[in-house]
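Q: here is the input, now give the coordinates:
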Amino acid sequence: MSIDFWEILKNTWSVIMSLWQLWVILLLFGIIGIVFDQLGYELDELRIRRKFRQGEKWRTGREIIQWLRNMQPDDFEKYIAKLFNKLGYVTKVTGGKGDGGIDIVATKDGRDHYIQCKRYSKRNSVGVGAVRDFYGAIADRLTNAKGYFITTNKFTLDGEKFAEDKPIELVDSHQLLEYIRLTGGTNKEVAIVQAVKQCPKCDGQLVERKGKHGKFLGCSNYPKCHHTEKL
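A: Sure thing, here's the model as predicted:
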């Protein structure tokens, strides 16, 4: 018994053509789904922009602090320098090896003030030893000036007591949020937080970085995670 493949092909094509209405319906449903997905995305974007214009918070204070904790230390120092710029200071980032315990010099009204930044990724407290070392680094420079010790977490009770009678302001995560709100930068900073994407390979976030070929997005957990994306 021979098989007529040509006849089978014709019969199969006839069946397919007889169901053309079904194919059209499926195609229309697919197009409608794509349109609604795009419309939903655009509505979400419109809602975000409206929230920013209305001064609403898109992210909670806890999420902002978590975003700061995920920064690299040098990025956190640059962020604090820009924050103090908004407070009326002229700032210079001096952090790095051999910084002498001073990460930023902030000048206002002809006076230099000194800032130490501790960007902790975990919930570690800044102890009295770190506060004492910072004071030792700036004590002979504090004529009519002030020191700021800023952390994304908190200070131990001993650290707070040590700084009580000294021209040092201890800025923990709660006070740091107040600084952000004081500068009127909440919406702007929150917009940055919203724009930061989650790393698809780990629990980090993708933050803007600069390389020899220009800007790109890199994982905040680098060098543990090397995931990058183009801007």
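
Q: Thr228 reaches Lys215, doesn't it?
A: No. With contact defined as CB atoms under 8 Å, Thr228 does not reach Lys215; the gap is 10.9 Å. Glycine gets a C-beta too; all of them are placed from N, C-alpha and C.

Q: CA-only coordinates of stretch 128-148 in PDB, if you can.
A: The C-alpha coordinates for stretch 128-148 follow below in PDB (Å, rounded to 0.1, in the frame of the first residue of the first chain):
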ATOM      1  CA  VAL A 128      33.500  54.500  69.800                       C
ATOM      2  CA  GLY A 129      36.900  53.500  68.300                       C
ATOM      3  CA  ALA A 130      36.000  54.800  64.900                       C
ATOM      4  CA  VAL A 131      34.500  58.000  66.300                       C
ATOM      5  CA  ARG A 132      37.700  58.500  68.400                       C
ATOM      6  CA  ASP A 133      39.900  58.000  65.400                       C
ATOM      7  CA  PHE A 134      38.000  60.500  63.400                       C
ATOM      8  CA  TYR A 135      38.200  63.100  66.200                       C
ATOM      9  CA  GLY A 136      42.000  62.400  66.400                       C
ATOM     10  CA  ALA A 137      42.300  63.100  62.700                       C
ATOM     11  CA  ILE A 138      40.600  66.500  62.800                       C
ATOM     12  CA  ALA A 139      41.100  67.700  66.400                       C
ATOM     13  CA  ASP A 140      43.900  70.200  65.400                       C
ATOM     14  CA  ARG A 141      41.800  71.500  62.500                       C
ATOM     15  CA  LEU A 142      38.600  72.300  64.200                       C
ATOM     16  CA  THR A 143      39.100  76.000  64.900                       C
ATOM     17  CA  ASN A 144      35.600  77.500  64.200                       C
ATOM     18  CA  ALA A 145      34.900  74.300  62.200                       C
ATOM     19  CA  LYS A 146      32.900  71.100  62.600                       C
ATOM     20  CA  GLY A 147      33.200  67.400  61.900                       C
ATOM     21  CA  TYR A 148      30.500  65.200  60.500                       C
END
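
Q: mind checking the pLDDT average for that stretch?
A: The average pLDDT within stretch 128-148 is 88.

Q: then stretch 171-191?
A: Across stretch 171-191, pLDDT averages out at 72.

Q: and what of stretch 216-231?
A: 79.

Q: on that earlier part again, more neighbours: which of Thr228 and Lys215?
A: Neighbours per residue (other CB atoms under 10 Å) separate Thr228 from Lys215, with Thr228 holding more: 14 against 11.

Q: show me how the protein divides into domains.
A: 5-53, 63-187, 196-230 (automatic domain parsing).

Q: mean neighbour count, those: which tops it?
A: Comparing the domains of the chain by mean neighbour count (mean count of other CB atoms under 10 Å), domain 63-187 ranks first with a mean of 17.

Q: report the distance from that domain to the chain centre.
A: 18 Å (CA atoms, centre = their mean, to the nearest Å).
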